[in-house]
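Undergrad: Fold the following for me, if possible:
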Amino acid sequence: MTDQKKQGPRRYKKRLRKGRAFFSLVMILFLMASCFAAGMRIYNRFFRPRAQVADSQQESLTTEGFSNRINVLLLGTDDGDSDDFDKDVPKRTDAMLLVSFDPENSQVSVLSLPRDTRVTIPGRRGHDKINAAYAYGGVPLAKRTVANLLQVPINHYMQVDWQGFIKVVDMLGGVDLDVEQNMDYEDPYADLKIHLKKGKQHLNGEKAGEYVRFRHDEMGDIGRVERQQKFMKALAKQAFTVGNMVKLPVIIGTASEYVKTDMTFIQLVKAANCLRLFGEGGVKSASLKGDFGDIGGVSYWVTTPSKIAATLDELKIPHRRIPSI
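TA: Below is the predicted model of the structure:
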């Protein structure tokens, strides 16, 4: 197996800007699970006969997180504009994140794996970019590749398609947000247009996507991350409105068309509860340390065992000794 050929700027930029909104979508899904669990708790407490519901079971479902550390691999796939997410066809991964739920220290650690990270993929010769693992062998090979790179066990996975972000926001009724500045940016290579005016306004799914992707000011990616956090708080508030609580089963059903996971509903609820219980200060994030490198005419994100270990140690994610890459 030889190294992948370098891809053109149009396709690369389009995948990159989709990946930037992927983390927001995943947080929405966990929040929805939490909201739905809260709705179940309210329903069971006030509408179902008390004899049919054990209070201790309800408390366990709606308030408890995981009892042991759980590592979840999040995959964002590039499905274009098609509606065939369930078709068994190879797709690229726009985003790969390891989310580690640590109940002992009340922390959720999010490790972002750059899609161009240079790795060896099990069963293949030579080196590849990490995003090729899913195209070659689906979720199982992606999990093995990440586990081998980080020397961390992968317990579960969640795969999300980009189109779900827009539809979920629209189904929640959009979001009221105070846009802090005029945002104007166009990239013909990426088919990207961002045009937002400063001030308080209501954003639908498409406009929300523009907001969380914008990074073309002096703050760059730091400003983008801050805007995503601001957006998520506004969306969480919207999700907990009475009208949306009633609609959550339908919303989750629609979102499930864009999500594949081996996590059970209760596990999703526990993940959401961890985020809620630990609070904003309990969520730590970092990108895999490394450097840009051009090897054989191919652009990679090049990391080393020491940099991998340093990143994991920073996030307090236990790992075995990192072998040579």
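Undergrad: And T254, how far from K247?
TA: 10 Å (C-beta to C-beta, to the nearest Å). In short, each C-beta sits where N, CA and C put it, glycine included.
Undergrad: Overlap of the contact sets of these two?
TA: Common neighbours of T254 and K247 are listed as M171 (criterion: C-beta atoms under 8 Å, 6 or more residues apart in numbering).
Undergrad: what's the helix or strand for the nearest residue to S100 once chain neighbours are set aside?
TA: Of all residues not flanking S100 in the chain, S109 sits nearest, at 4.4 Å (C-beta to C-beta, 6 or more residues apart in numbering). In this structure, S109 is located in strand 107-113 according to DSSP states H and E.
Undergrad: Would you mind pulling up the elements that that strand packs against?
TA: strand 93-102, helix 132-150, helix 265-278, strand 283-287 (3 or more C-beta pairs under 8 Å, 6 or more residues apart in numbering; DSSP states H and E).
Undergrad: Out of those, which is the most enclosed?
TA: Most buried of the helices and strands packed on strand 107-113 by mean neighbour count (mean count of other C-beta atoms under 10 Å) is strand 93-102; its value is a mean of 24.
Undergrad: Paired strands for that one, with orientation please.
TA: Sheet pairing for strand 93-102, assigned by DSSP bridges, gives strand 70-77 (antiparallel), strand 107-113 (antiparallel).
Undergrad: returning to that earlier point: same list, the helices and strands packed on strand 107-113, but as a markdown table with distance to E186 and mean pLDDT please.
TA: Shown next, in a markdown table, are these (distance: least, C-beta to C-beta, whole Å; pLDDT from 0 to 100):
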| stretch | distance to E186 | mean pLDDT |
| --- | --- | --- |
| strand 93-102 | 21 | 86 |
| helix 132-150 | 30 | 96 |
| helix 265-278 | 35 | 77 |
| strand 283-287 | 27 | 84 |
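Undergrad: Now distance to R124 too, for the ones you listed, in CSV please.
TA: Listed next are the helices and strands packed on strand 107-113 as CSV, based on distance: least, C-beta to C-beta, whole Å:
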stretch, distance to R124
strand 93-102, 16
helix 132-150, 7
helix 265-278, 31
strand 283-287, 25
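Undergrad: Convert the C-alpha atoms of the strand holding S109 to CSV, please.
TA: This file holds the C-alpha atoms of strand 107-113, laid out as CSV (Å, rounded to 0.1, in the frame of the first residue of the first chain):
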residue,chain,number,x,y,z
GLN,A,107,-14.2,14.8,33.8
VAL,A,108,-15.1,14.4,30.1
SER,A,109,-12.0,14.6,27.9
VAL,A,110,-12.3,15.2,24.1
LEU,A,111,-9.3,14.5,21.9
SER,A,112,-9.5,15.7,18.4
LEU,A,113,-7.5,13.6,15.8
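Undergrad: what's the next secondary structure element after that strand?
TA: Criterion used, DSSP H and E; the element after strand 107-113 is strand 118-119.
Undergrad: name the helices or strands packed onto that following strand?
TA: Packing partners of strand 118-119 (3+ C-beta pairs under 8 Å, 6+ apart): strand 128-129, helix 132-150, strand 298-302.
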